[in-house]
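Colleague: kindly generate the corresponding structure for this input.
(chains A and B, ligands or ions: 4)
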Amino acid sequence: MMRKPFAITLDPGSSLANHTGGWRTERPVYVDRLPPCNHACPAGENIQGWLFHAEAGNYEAAWRQLTEDNPLPAVMGRVCYHPCEDACNRAHLDSAVGINSIERFLGDEAIRRGWKFPPPAASSGRRVLIVGAGPSGLSAAYHLARGGHRVSIHEAGPVAGGMMRFGIPKYRLPRDVLDAEVERILSLGVELKLDRKVDNILDTMRQGSFDAAFLAVGAHIAKRAYIPAGASSKILDAVSVLRSMEGEDRPMLGRRVVVYGGGNTAIDVARTAKRLGATEAIIVYRRTRDRMPAHDFEVEEALQEGVMIKWLSTIKQAGDAGLTVEKMRLDGKGFPQPTGEFETLAADSLVLALGQDVDLSLLERVPGLEVADGVVQVGADMMTGYAGIFAGGDMVPAERTVTVAVGHGKKAARHIDAWLRSARYQKSEKHPVAEFDKLNPWYYSDAPKSLRPMLDIVRRQSTFDEVQGGLDETSALYEARRCLSCGNCFECDNCYGVCPDNAVIKLGPGNRFRFNYDYCKGCGLCATECPCGAIAMEPEQI
Amino acid sequence: MSFQPVKFYQTGTFTVGNRLLPDAERSVQANMRRTNSLNSGHRACQGCGEALGARYAIDAAMNATGNRLVAANATGCLEVFSTPYPETSWQIPWIHSLFGNTAAVATGIAAALKVKAKSDVRVIAQGGDGGTTDIGFGCLSGMFERNDDVLYICYDNEAYMNTGVQRSSATPPAARTATTMAVGSEPGNPFGQGKNLPAIALAHDIAYVATATVAELRDLEAKVTRAMEFRGARYIHIFVPCPLGWGHASHDTIRIARLAKETGLFPVFEAENGEIVSVSKIRHRLPVEEYLRPQKRFAHLFSPQPRAQVIAHLQAIADRNIRKYGLCEENAQ
Ligand SMILES: Cc1cc2nc3c(=O)[nH]c(=O)nc-3n(C[C@H](O)[C@H](O)[C@H](O)COP(=O)(O)OP(=O)(O)OC[C@H]3O[C@@H](n4cnc5c(N)ncnc54)[C@H](O)[C@@H]3O)c2cc1C
Ligand SMILES: Cc1ncc(C[n+]2csc(CCOP(=O)(O)OP(=O)(O)O)c2C)c(N)n1
Ligand code: SF4
Ligand SMILES: [Mg+2]
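Modeller: Ligands and ions are numbered 1, 2, ... in the order given. Have a look, this model is predicted:
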């Protein structure tokens, strides 16, 4: 013992000897909650995860994270209806993060810089047949190939892409973008056989000795409505019109084109007709705008381009003098009811855009297969009633979008991979969703959404140039930084700073933090002041 | 203005750190090697604003002075919870004065350093609102008047917390304390003349006067750092909520401080050589109820029946602050 001054009997000590952790009745724990964008993404993208990289300007890392789930970011960044943005918590503050525009920026950047996927895992020696080179088939091919399986796509058409090529018009999805992303998937060693329609799935599987198959044939048979027609009236269907846009000869629609239907396809045909030189492109739809299945922004863009829409109308007859249209009214339940009032609409052609059915002929005589409402039934593992045959995309019961199709492809690939190994794919458990009330929004800067440039209206009416532009780097970076990082630590140091007891240990960049429960008194300040809701308070076992 | 907030970096400079900012622009508290001047193991209550404010301030001062710092500390919670004999939480040279004389003790330290020609070692005096606005007021005014080379930091939790929440001259009107009970026709602390110490410090025309809260770390650090650029008497008044004395949840300490500023009840400003040079603007202006409601010391304003007149009176005080200090952006009123 050292000599002490007068009246001092104890050695000086540090308060570190005093473990205040014993005071605690609740303990903070770091959690990862599921960001609502991720939760809403039909392709299962880890959006918050790739935005985290993009925020730092690390676009390649962002793209790599993104393409773990979805191999088509440049396509998605153009055609996806982005349910992620509808779910985005930032909408409670100002407006949703422009996730879709950042995705497009990353996709375009990858094409520009020639980023490639990592080479596939070691070969499994297993062969998987994929029927249809639409988004669903391509997505499955991508994931299976990366998993080391040998993949062969049989495609009935002359080029890959499915409805991304033969449905969605060029002014929304330029073909060089589509080609680049398809090419990148094929370069993983995926075999693509074009003009190879599969007529009987079991025969094809046997002939090619495939161990499993994924069907993604889409829905291509146009639905018809009975409309009595005169000899000279020209009635076409929307899918054929859009498909012929990809060929040599452009469809002859005439000066006055009437489109019947209220979905996105109707809008695309009308906008296409306008670009082909129609002086009038009129959509006839039996209900009102708010009940239209087409997305409102598409309706808006069509209206801007001069497409006209006749609401509450049905087509009764296609006579030589023109179309007979009956006015409708909505009943109490919102269903359209005839009014008995008619008018005539002059038209050089009538295009029916009433939806599509699935061509299931390749599945005839497959035992155990269940078809309901014209679509093939699948389990949660995307497998049909026939073991080893899986299906996804437009041909199974689900919303018909590119994103859902891509998501099905991924999911099916996971289950096929497991099935080939005689195992079951175990989905990792989902974290609870990070709702807005879990956040402390005080900490986020005010930052309005950046808008994408639009092509001038004259060129929108006369060319097939892309309507919506992309964000430049500065705006994309800015937009990525609007992300609130809901439910996932983004290393803002708040917990480390606000702890009155120094009970948070900072582990350094990329390593987040740890609690020092020796000293944490359980005040809860860290949890309350965490901007993104990544800390939860749990009762202490006392 | 000494502190320029960064815009559009996801969180700007609102959070303690920001991985997207260059190192030089990050806060002292974000640093993995910050001093932790007030270390773990202290006995402050859960969520104590004073403990937090003291570490924020002293770490910033250590950073600004290259760790050449001595502090004198008045009696009060900060002193009691940090140094139960023989333990100390302080990782700086630190001396406990009496309750009322910490400014004078610091003056003495500064004089000694001057004699020893150690001009690089800087002196801080710190204490609670009781030790500052009441019993230590004379010593403090003298320190200002003599322009002694000391930064005085007052941690204002608006009452004598260490001895059981008695009223001080910094206790706000209507607040319940152990000596201004919520009874009678005018419950809580009476509406008096008030005693605005930052304004009194300003009236001494000393080199630097600032107010801050534990809700705005970057602003607080910038002010401590700025204060260290001056010689002579300086004063910083930090608003530090006390969960025990104010009766709010321990996890709400920062939120309460934020609300005090956003309602206008606690003006955050900075003055150099007797003139106000910057005010921290209100971001989202809120009515005073938002601030009062979560605190049990104001519970009698809301039940058994609401005391609308008293609340209106407090609102008038906030409105006056907003006008007087220009706390709102011109067009954001
Ligand atoms: C006009 C239009 C616009 C659209 N716009 C959008 C949009 O903006 N955003 C969006 O998300 N979704 C949009 N969709 C929907 C989207 O295109 C589809 O949901 C999606 O393409 C379905 O993908 P899939 O892979 O299931 O089928 P498809 O894309 O239809 O691909 C199926 C492929 O299988 C091939 N095939 C069919 N039968 C056989 C066979 N027996 N043997 C071999 N190959 C076969 C086909 O040739 C085709 O290539 C649009 C659809 C249309 C029609
Ligand atoms: C001369 C003298 N009178 C009374 C006390 C008892 N005492 C110790 S701390 C304290 C109150 C401290 O209040 P404040 O300065 O506001 O600090 P807080 O505890 O609130 O942080 C009192 C009255 C004392 N130590 N010395
Ligand atoms: S009484 Fe108040 S000031 Fe004192 S330690 Fe507790 S919370 Fe902090
Ligand atoms: Mg006090």
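Colleague: report how many residues lie close to the residue of the stretch 151-300 of chain B found nearest ligand 4.
Modeller: When scored by C-beta to the ion, the stretch 151-300 of chain B has residue B:157 as its residue closest to ligand 4, at 4.3 Å. Every residue, glycine included, has its C-beta placed from N, CA and C. Residues near residue B:157, counting by other C-beta atoms under 10 Å in any protein chain shown, number 31.
Colleague: residues of chain B that sit close to ligand 2?
Modeller: For chain B, the contact set with ligand 2 under C-beta under 6 Å from any ligand atom comprises B:50, B:75-78, B:99-100, B:127-131, B:157, B:160-163, B:168.
Colleague: what number of residues lie near the residue in chain A positioned nearest to ligand 2?
Modeller: Checking chain A residue by residue against ligand 2 with C-beta to the nearest ligand atom singles out residue A:500 as nearest, at 13.4 Å. Neighbouring residues of residue A:500 were enumerated by other C-beta under 10 Å; the total is 29.
Colleague: surely it touches residue A:525?
Modeller: Yes: between residue A:500 and residue A:525 there is a contact at 6.9 Å, judged by C-beta atoms under 8 Å.
Colleague: what touches both of these two?
Modeller: B:47, B:52, B:253 (C-beta atoms under 8 Å, 6 or more residues apart in numbering or on different chains).
Colleague: which of the residues you listed lies closest to ligand 1?
Modeller: Ranking the shared contacts of residue A:500 and residue A:525 by separation from ligand 1, with C-beta to the nearest ligand atom as the measure, puts residue B:253 on top at 48.1 Å.
Colleague: state which one residue of chain A is found closest to ligand 4.
Modeller: When scored by C-beta to the ion, chain A has residue A:500 as its residue closest to ligand 4, at 15.8 Å.
Colleague: how close does that residue sit to chain B?
Modeller: Counting by C-beta to the nearest C-beta, to the nearest Å, the gap between residue A:500 and chain B amounts to 4 Å.
Colleague: same check, this time on residue A:493
Modeller: The gap separating residue A:493 from chain B is 3 Å, by C-beta to the nearest C-beta.
Colleague: which residues does that residue contact?
Modeller: Taking C-beta under 8 Å, 6+ apart, we find residue A:493 in contact with A:506, B:15, B:16, B:17, B:18, B:27, B:29, B:30.
Colleague: most neighbours, which of these?
Modeller: Ranked by neighbours (other C-beta under 10 Å), the contacts of residue A:493 are led by residue B:15, which has 31 neighbours.
Colleague: specify the local secondary structure of that residue.
Modeller: Going by DSSP: H, G, I helix; E, B strand; the rest coil, the secondary structure assigned to residue B:15 is coil.
Colleague: can you pull the contacts of the residue of chain A closest to ligand 4?
Modeller: By C-beta under 8 Å, 6+ apart, the residues touching residue A:500 are A:523, A:525, B:44, B:47, B:48, B:49, B:51, B:52, B:55, B:253.
Colleague: excluding chain neighbours, give the residue nearest to the residue of the stretch 151-300 of chain B closest to ligand 4 in space.
Modeller: If the residues on either side of it in the chain are set aside, residue B:157 comes closest to residue B:242, at 3.9 Å by C-beta to C-beta, 6 or more residues apart in numbering or on different chains.
Colleague: and what of residue A:161?
Modeller: residue A:178 (5.5 Å).
Colleague: got it, and residue A:514?
Modeller: Excluding the flanking residues, the one nearest residue A:514 by C-beta to C-beta, 6+ apart is residue A:505, at 4.6 Å.
Colleague: where's the one you found, which helix or strand?
Modeller: Assigning secondary structure by DSSP states H and E places residue A:505 in strand A:504-506.
Colleague: run through who's touching the helix or strand just after that strand.
Modeller: Beyond strand A:504-506 in the direction of the C-terminus, DSSP H and E gives the next helix or strand as strand A:513-515. Counting by C-beta under 8 Å, 6+ apart, the neighbours of strand A:513-515 from elsewhere in the structure are A:27-30, A:489, A:491, A:495-496, A:503-507.
Colleague: skipping adjacent residues, who's closest to whatever residue of chain B ends up closest to ligand 1 in space?
Modeller: Among residues of chain B, the one nearest ligand 1 by C-beta to the nearest ligand atom turns out to be residue B:10. It sits 29.2 Å away. In space, not counting the residues next to it along the chain, residue B:10 is nearest to residue A:481; the distance is 4.3 Å by C-beta to C-beta, 6+ apart.
Colleague: count of residues packed around that neighbour?
Modeller: Residue A:481 has 22 nearby residues by other C-beta under 10 Å.
Colleague: just the one 3 residues further on next, same as before
Modeller: Using other C-beta under 10 Å, the number of residues around residue A:484 comes to 30.
Colleague: again, but for residue B:93
Modeller: Using other C-beta under 10 Å as the criterion, residue B:93 is surrounded by 13 other residues.
Colleague: any idea how far residue A:16 is from the closest residue to it other than its chain neighbours?
Modeller: Once flanking residues are discounted, residue B:93 sits nearest to residue B:70: 4.6 Å by C-beta to C-beta, 6+ apart. The gap separating residue B:70 from residue A:16 is 22 Å, by C-beta to C-beta, to the nearest Å.
Colleague: who's more crowded, those two?
Modeller: When residue B:70 is set against residue A:16 and neighbours are counted by other C-beta under 10 Å, the residue ahead is residue B:70, at 20 against 15.
Colleague: got a pLDDT number for residue 270?
Modeller: You didn't pick a chain, so chain A it is. Note for residue A:270: predicted pLDDT of 97.
Colleague: chain B is the one I meant
Modeller: Reported pLDDT at residue B:270 in the predicted model: 98.
Colleague: could you give the bridge partners of it?
Modeller: Counting by DSSP bridges, residue B:270 forms beta bridges with residue B:210, residue B:278.
Colleague: show me the contacts for the nearest residue to residue B:80 once chain neighbours are set aside.
Modeller: When the adjacent residues along the chain are set aside, residue B:80 lies closest to residue B:162, with 5.5 Å between them (C-beta to C-beta, 6+ apart). With contact set as C-beta under 8 Å, 6+ apart, residue B:162 has these partners: B:75, B:76, B:77, B:80, B:128.
Colleague: what helix or strand is the fourth one on?
Modeller: It refers to residue B:80. Here residue B:80 sits within helix B:77-82, counting by DSSP H and E.
Colleague: helix, strand, or coil at residue B:253?
Modeller: Under three-state DSSP, the three-state class of residue B:253 is helix.
Colleague: now residue A:189
Modeller: Here residue A:189 is coil, with the state taken from three-state DSSP.
Colleague: and residue B:305, by the same measure?
Modeller: Assigned with three-state DSSP, residue B:305 falls in the coil class.
Colleague: could you check the pLDDT of it?
Modeller: Reading off the per-residue confidence, residue B:305 sits at a pLDDT of 93.
Colleague: return the distance of it relative to ligand 3.
Modeller: From residue B:305 over to ligand 3 the distance is 30 Å, taken as C-beta to the nearest ligand atom, to the nearest Å.
Colleague: can you check residue B:283 too?
Modeller: Plainly put, residue B:283 is 26 Å away from ligand 3 if you go by C-beta to the nearest ligand atom.
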